[in-house]
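Colleague: have a look at this prediction, sequence included:
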Amino acid sequence: MNFLKLKIPALQTDAMQHSEPYLAKAATQKALGYPEQLVENWQTVAVSKMGELLAQTPHLQAYLDNCVHCSACSDKCHYFLGTGDPKNMPVARQDLFRQVYRRYFTFAGKYFPRLVGAKDFDEKVLNDWYRYFHQCSQCRRCAVFCPFGIDTADIAMAAREILNSIGKGQRYTQEIIVKVESVGNNLGMSKPALQHILQNLEEDLFENTGCKIRLPLDEYGAEVLFIPPSADFFAEPHVDGFLGYAKVFYQAGLSWTLCSDATEAGNFALFSGSETHLQQIAARIHDAAATLGVKRIVFGECGHAWRVAHNLLPPLLKNLTLNRNYPVPQHICELSYDLLQRGALRIDKAKNAEKRVSFHDSCNIARASQMGNISGGQFKIPRALLTACCEQFHEMPRNTTHESTFCCGGGGGLLTDELMPLRIKGALPRIQAFQAVIATQQVTHLATICAICKTQLSQVFPNYRLERAQIISLHQLIGDALVLK
Ligand code: SF4
Ligand code: SF4
């Protein structure tokens with residue numbers, strides 16, 4: 001199977017006009033340095049913030065000036081394909097921003113607004129911004145198909161930062177940022193709570209393997225500081241992947257540690273567009289590595305965390321003493337792949353014989369980062385691991401994988417209950433591709449390497465009658481196939 005025929009939906013004007021996330025609470029806005037509620041002169045503040053962002057990020061202005069409205073991106077967004085709402089076409093989403101930009105920052109827009117589609121930033125436009133910039137998971141699929149590489153995700157991030165600056169932030173994302181900055185993880189989990197969880201998991205590991213596999217916390221001088229997404233500590237289907245990482249470290253004889261001050265790989269500031277908070281959370285990981293004296297930092301299975309780690313963390317790490325044999329930071333898949341290449345992992349793929357597996361490329365890894373030193377490593381490394389530990393691995397249609405992968409529908413800070421109807425609809429193209437490979441290859445499991453994808457897909461599967469299919473962590477598959485004794 002090479003190609004999935006995607007049905008373009010009939011246009012349904014304003015179909016998703018009702019969909020918007022809860023507003024951030026005043027205390028959260030304040031904690032992050034934003035106004036507690038919509039400021040009275042919000043229009044002036046918003047236009048001024050837009051001017052600031054345009055000056056700081058020249059590519060933003062290039063995106064706004066260079067679109068020729070060719071429509072090549074129109075049918076590439078999963079939220080448009082799932083809802084039919086024309087405002088969910090990437091070009092229309094961009095135009096919500098572009099019409100305001102033209103009105104206040106271009107000569108033609110100031111004097112002949114109607115001629116160039118410029119609009120005042122009024123309340124109706126503001127409400128559309130809040131709704132439709134929170135119907136973009138910042139997946140960047142549309143940018144792959146744009147002849148000019150215009151990235152709607154960047155425009156959405158700028159819009160969200162402008163919304164924050166006038167006191168109209170989004171609750172889910174803001175609350176997670178506050179928790180991570182104050183406690184170190186998005187659950188607000190204390191060190192004693194974490195110790196308790198790790199102790200229980202060590203007992204489970206011993207029961208299942210007969211091996212004394214440790215889950216070390218705050219151990220000074222370990223080789224590796226390991227940063228998983230915090231869902232890995234307790235939630236299904238994440239936790240078995242966490243046990244898989246531990247088995248890999250154990251078999252390789254690598255010393256590693258978690259850090260109670262930095263137990264969260266995720267950096268939700270990426271979704272709010274805030275450079276300040278993005279750096280603050282990344283710096284927390286840098287500080288943890290320095291305090292514990294590790295030689296390298298390895299990130300667990302989290303898509304956007306890897307995007308931040310790959311693109312932002314290296315400059316922050318330049319003062320650390322690093323092991324020159326490894327790129328820093330490193331993704332857990334890179335580490336496992338390296339061990340596999342060196343024959344350090346004993347794998348019996350027959351242990352996964354009953355699982356027929358397909359793979360979902362997570363957007364932030366597929367389109368916004370890289371793995372390893374090989375071209376296309378972000379696609380090749382997970383597949384090399386899958387074929388090493390599974391007898392039955394089957395690809396979804398090519399136009400829905402690799403750089404053309406469809407978002408799970410829950411990324412970009414949208415993984416919140418009030419957006420569930422949008423998330424279900426946005427998952428449609430991904431689900432259709434998975435259903436296609438189930439029909440031809442009787443696939444039973446969908447593997448992925450992103451915590452958000454795992455949660456989102458597990459939650460929407462029942463809406464597509466996929467209760468029997470399972471989301472599985474790639475490192476669960478590896479852990480299940482390891483011969484530990
Ligand atoms: S970045 Fe993704 S979610 Fe946003 S408009 Fe483009 S395709 Fe849609
Ligand atoms: S593909 Fe690019 S140039 Fe064409 S409409 Fe979309 S954003 Fe504009």
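Modeller: The structure has been received and is ready for your questions. Numbering: from 1, shown residues only. Ligands and ions are numbered 1, 2, ... in the order given.
Colleague: counting neighbours, what do you get for residue 69?
Modeller: 13 (other C-beta atoms under 10 Å). Every residue, glycine included, has its C-beta placed from N, CA and C.
Colleague: that one and residue 95, how far apart?
Modeller: Distance, residue 69 to residue 95, using C-beta to C-beta, to the nearest Å: 9 Å.
Colleague: residue 110 now?
Modeller: The spacing between residue 110 and residue 95, counted by C-beta to C-beta, is 18 Å.
Colleague: which residue ranges make up each domain of the protein?
Modeller: 26-169, 177-481 (automatic domain parsing).
Colleague: the spatially most central residue of the chain sits in which helix or strand?
Modeller: Per C-alpha atoms, centre = their mean, the C-alpha nearest to the average position across the chain is that of residue 304, at 3.4 Å. Using DSSP states H and E, residue 304 falls within helix 303-311.
Colleague: now check that helix, is it near ligand 1?
Modeller: No: against ligand 1, helix 303-311 shows no contacts by C-beta under 6 Å from any ligand atom, the least distance being 12.9 Å.
Colleague: in that helix, what counts as buried?
Modeller: Neighbour-count burial for helix 303-311, with 16 or more other C-beta atoms under 10 Å as criterion, is recorded at 303, 304, 305, 306, 307, 308, 309, 310.
Colleague: one step back: what's the closest of the domains of the chain to residue 17?
Modeller: domain 26-169 (6.6 Å; C-beta to C-beta).
Colleague: just to revisit the earlier point, residue 110 and residue 95: which is more packed in?
Modeller: Taking other C-beta under 10 Å, residue 110 and residue 95 do not tie; residue 95 has more neighbours (20 against 13).
Colleague: so for that one, what's the pLDDT?
Modeller: The per-residue pLDDT reported for residue 95 equals 98.
Colleague: before we move on, what about residue 76?
Modeller: 98.
Colleague: how about it, secondary structure?
Modeller: With DSSP: H, G, I helix; E, B strand; the rest coil as the basis, residue 76 sits in coil.
Colleague: contacts only, for it.
Modeller: Neighbouring residues of residue 76 by C-beta atoms under 8 Å, 6 or more residues apart in numbering: 90, 141, 142, 144, 145.
Colleague: most neighbours among the residues you listed, which one is it?
Modeller: Most surrounded of the contacts of residue 76: other C-beta under 10 Å gives residue 90, at 30 neighbours.
Colleague: the closest residue to that one other than its chain neighbours and ligand 1, how far apart?
Modeller: Nearest non-adjacent residue to residue 90, counting by C-beta to C-beta, 6 or more residues apart in numbering: residue 142, 3.7 Å away. Per C-beta to the nearest ligand atom, to the nearest Å, residue 142 is found 3 Å from ligand 1.
Colleague: am I right that residue 142 falls within a helix?
Modeller: Yes: assessed by three-state DSSP, residue 142 belongs to a helix.
Colleague: looking at it now. What's its pLDDT?
Modeller: Looking at residue 142, its pLDDT is 98.
Colleague: what sits against it?
Modeller: 73, 76, 77, 90, 150, 151, 152.
Colleague: pretty sure the third one is touching residue 88, no?
Modeller: What that stands for is residue 77. Yes: assessed by C-beta atoms under 8 Å, residue 77 is found in contact with residue 88 at 5.8 Å.
Colleague: and the closest residue to ligand 1 within the stretch 351-485 of the chain, which of the three is it?
Modeller: The stretch 351-485 of the chain approaches ligand 1 most closely through residue 407 (5.9 Å), counting by C-beta to the nearest ligand atom. Classification of residue 407 using three-state DSSP returns coil.
Colleague: what's the burial count for the nearest residue to it once chain neighbours are set aside?
Modeller: Nearest non-adjacent residue to residue 407, counting by C-beta to C-beta, 6+ apart: residue 139, 3.8 Å away. The tally of other residues near residue 139 (other C-beta under 10 Å) stands at 29.
Colleague: who touches residue 139 in this structure?
Modeller: 78, 153, 363, 367, 407, 411, 412.
Colleague: what of residue 329?
Modeller: If a contact means C-beta under 8 Å, 6+ apart, then residue 329 has 296, 297, 298, 299, 309, 310, 313, 314, 317 as its contacts.
Colleague: next, the fourth one: phi, psi?
Modeller: Put plainly, it is residue 299. Taking degrees, to the nearest 10, you get phi -100, psi 140 for the backbone angles of residue 299.
Colleague: what pLDDT does it get?
Modeller: On the pLDDT scale, residue 299 gets 96.
Colleague: and it, how many residues sit next to it?
Modeller: Neighbour number of residue 299 under other C-beta under 10 Å is 25.
Colleague: residue 423 against residue 413, yeah?
Modeller: No: counting by C-beta under 8 Å, residue 423 stays clear of residue 413, with 11.7 Å between them.
Colleague: which of these two has more residues huddled nearby?
Modeller: A count of neighbours by other C-beta under 10 Å puts residue 413 above the other of residue 423 and residue 413, at 28 against 24.
Colleague: helix/strand/coil for that one?
Modeller: coil.
Colleague: state the pLDDT value of it.
Modeller: 97.
Colleague: state the phi and psi torsions of the closest residue to it other than its chain neighbours.
Modeller: In this structure, residue 413 finds its nearest non-sequential neighbour in residue 271, 3.2 Å apart by C-beta to C-beta, 6+ apart. The phi and psi torsions at residue 271 (degrees, to the nearest 10) take the values phi -80, psi -20.
Colleague: run a quick neighbour tally on residue 271.
Modeller: The burial count for residue 271: 28, using other C-beta under 10 Å.
Colleague: check whether the helix or strand containing residue 101 contacts ligand 1.
Modeller: Using DSSP H and E, residue 101 maps to helix 90-105. Yes: counting by C-beta under 6 Å from any ligand atom, ligand 1 has neighbours in helix 90-105: 90, 93.
Colleague: and the next helix or strand past that helix?
Modeller: In N-to-C order, the element after helix 90-105 by DSSP H and E is helix 107-111.
Colleague: now that following helix: mean pLDDT?
Modeller: Helix 107-111 comes out at a mean pLDDT of 98.
Colleague: and the helix or strand following it, what does it pack onto?
Modeller: The first helix or strand that comes after helix 107-111 along the chain, using DSSP H and E, is helix 123-132. Contacts defined by 3 or more C-beta pairs under 8 Å, 6 or more residues apart in numbering; DSSP states H and E place helix 123-132 against helix 90-105, helix 152-165.
Colleague: which of those sits most buried?
Modeller: Burial of the helices and strands packed on helix 123-132 is given as mean neighbour count (mean count of other C-beta atoms under 10 Å); helix 152-165 ranks first at a mean of 24.
Colleague: list the contacts of the one helix or strand residue 471 maps to.
Modeller: With elements taken from DSSP H and E, the one containing residue 471 is strand 470-473. Identification of contacts with strand 470-473 by C-beta under 8 Å, 6+ apart yields 237-238, 240-241, 244, 301, 355, 357, 444-449, 453-454, 457-458, 461.
Colleague: can you give the strand pairings for it, parallel or anti for each?
Modeller: strand 445-448 (parallel) (DSSP bridges).
Colleague: no more questions from me, cheers.
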